[in-house]
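Peer 1: here are the coordinates; sequence isn't available:
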């Protein structure tokens, strides 16, 4: 059973465009929602994270939007750059589960120059 | 801060041999370390969770006798793939956290190829 559903599987965006990746979860016990960025051959790196007490969090060009009632959250990358080309994973975790994340399947983002 | 290293970055071995992968937290004490496995173009699969000084907790379907995990100190965890076979070829990634805090810091990964 996939507890965190991520879409799309792949995404192609022109430089300067907006990249949007969506995730949905089922377990209402989740209370921490991080996004990870992974370049080929490297480990994931935490990009940005949100807790359900806020509906939006912005860090530079990256924004998480969170809809608690719909159990959905999304990552928006503004002014997308070729250097943003990577695989992005959403995840969900709970304090009761020692914050061990359940990962989405990943989105391969390609930003064309 | 919060840097996690892995060694080696890649290893090639013959079928039947054992391979040890080290995971170190360089600038913090990792009370919990995690080991993941990742196949090409797929997500991360948690293999086991280890707390310093205690036995690792393995996820369902992960053979604990094949994937030996030792978390001997607050800065070092090792994963030993025993009697490796070609199907064990994968990308192994460790991560570390401090005092059950929500952030996990991932290592750069180890590419294992078993011939």
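Peer 2: Ah, there it is. Everything quoted here is computed from the prediction, not taken from an experiment.

Peer 1: How about the residues of chain B by chain A?
Peer 2: Counting by C-beta under 8 Å from any C-beta of the partner chain, chain B comes close to chain A at B:4, B:6, B:32, B:34, B:41-44, B:46, B:49, B:93, B:95, B:97, B:100-109, B:111. To be clear about C-beta, it is placed using only N, CA and C from the backbone, and glycine gets the same treatment.

Peer 1: how about 10 Å then?
Peer 2: Neighbours of chain A within chain B, by C-beta under 10 Å from any C-beta of the partner chain: B:2, B:4, B:6, B:9-10, B:32, B:34, B:36, B:38, B:40-46, B:49, B:51, B:57, B:59, B:91-95, B:97, B:100-111.

Peer 1: tally of neighbours for the residue nearest to residue A:68 when sequence neighbours are not counted?
Peer 2: Spatially, and ignoring its direct neighbours in sequence, residue A:68 is nearest to residue A:52 (5.0 Å; C-beta to C-beta, 6 or more residues apart in numbering or on different chains). When neighbours are counted by other C-beta atoms under 10 Å in any protein chain shown, residue A:52 registers 15.

Peer 1: Spit out the contact partners of residue A:52.
Peer 2: A:28, A:30, A:31, A:32, A:33, A:66, A:67, A:68, A:71, A:73 (C-beta atoms under 10 Å, 6 or more residues apart in numbering or on different chains).

Peer 1: Which one of those residues is nearest to residue B:74?
Peer 2: Proximity of the contacts of residue A:52 to residue B:74, judged by C-beta to C-beta, is greatest for residue A:32, which lies at 23.1 Å.

Peer 1: Quick check: that closest one vs residue B:29, distance?
Peer 2: The gap separating residue A:32 from residue B:29 is 21 Å, by C-beta to C-beta, to the nearest Å.

Peer 1: same deal with residue A:11?
Peer 2: For residue A:11 relative to residue B:29 (C-beta to C-beta), the value is 38 Å.

Peer 1: higher neighbour count, the two?
Peer 2: Each of residue A:11 and residue B:29 has its neighbours counted (other C-beta under 10 Å); residue A:11 has more, 17 against 12.

Peer 1: Quick one: residues contacting that one.
Peer 2: Remark: with contacts taken as C-beta under 10 Å, 6+ apart, residue A:11 is in contact with A:19, A:20, A:21, A:77, A:80, A:88, A:107, A:108, A:109, A:110, A:111.

Peer 1: What subset of these is buried?
Peer 2: Buried subset of the contacts of residue A:11 (neighbour count, 16 or more other C-beta atoms under 10 Å in any protein chain shown): A:19, A:20, A:21, A:77, A:80, A:88, A:107, A:108, A:109, A:111.

Peer 1: what are the bridge partners for the third one, then?
Peer 2: On DSSP bridges, the residues paired with residue A:21 through beta bridges are residue A:75.

Peer 1: what residue is smack in the middle of chain B?
Peer 2: residue B:35 (3.6 Å; C-alpha atoms, centre = their mean).

Peer 1: ok so it is a helix residue?
Peer 2: No - applying DSSP: H, G, I helix; E, B strand; the rest coil, one finds residue B:35 to be strand, outside a helix.

Peer 1: Just give the closest residue to it, not the sequence neighbours.
Peer 2: That would be residue B:47: by C-beta to C-beta, 6+ apart, it lies 4.6 Å from residue B:35.

Peer 1: Can you get me a residue count around the one you found?
Peer 2: Neighbours around residue B:47, by other C-beta under 10 Å: 23.

Peer 1: Could you list every helix and strand that the strand or helix carrying it packs against?
Peer 2: Per DSSP states H and E, residue B:47 falls inside strand B:44-51. Contact here means 3 or more C-beta pairs under 10 Å, 6 or more residues apart in numbering or on different chains; DSSP states H and E; on that basis strand B:44-51 packs against strand A:102-103, strand B:32-38, strand B:57-58, strand B:67-73, strand B:76-81, strand B:90-97.
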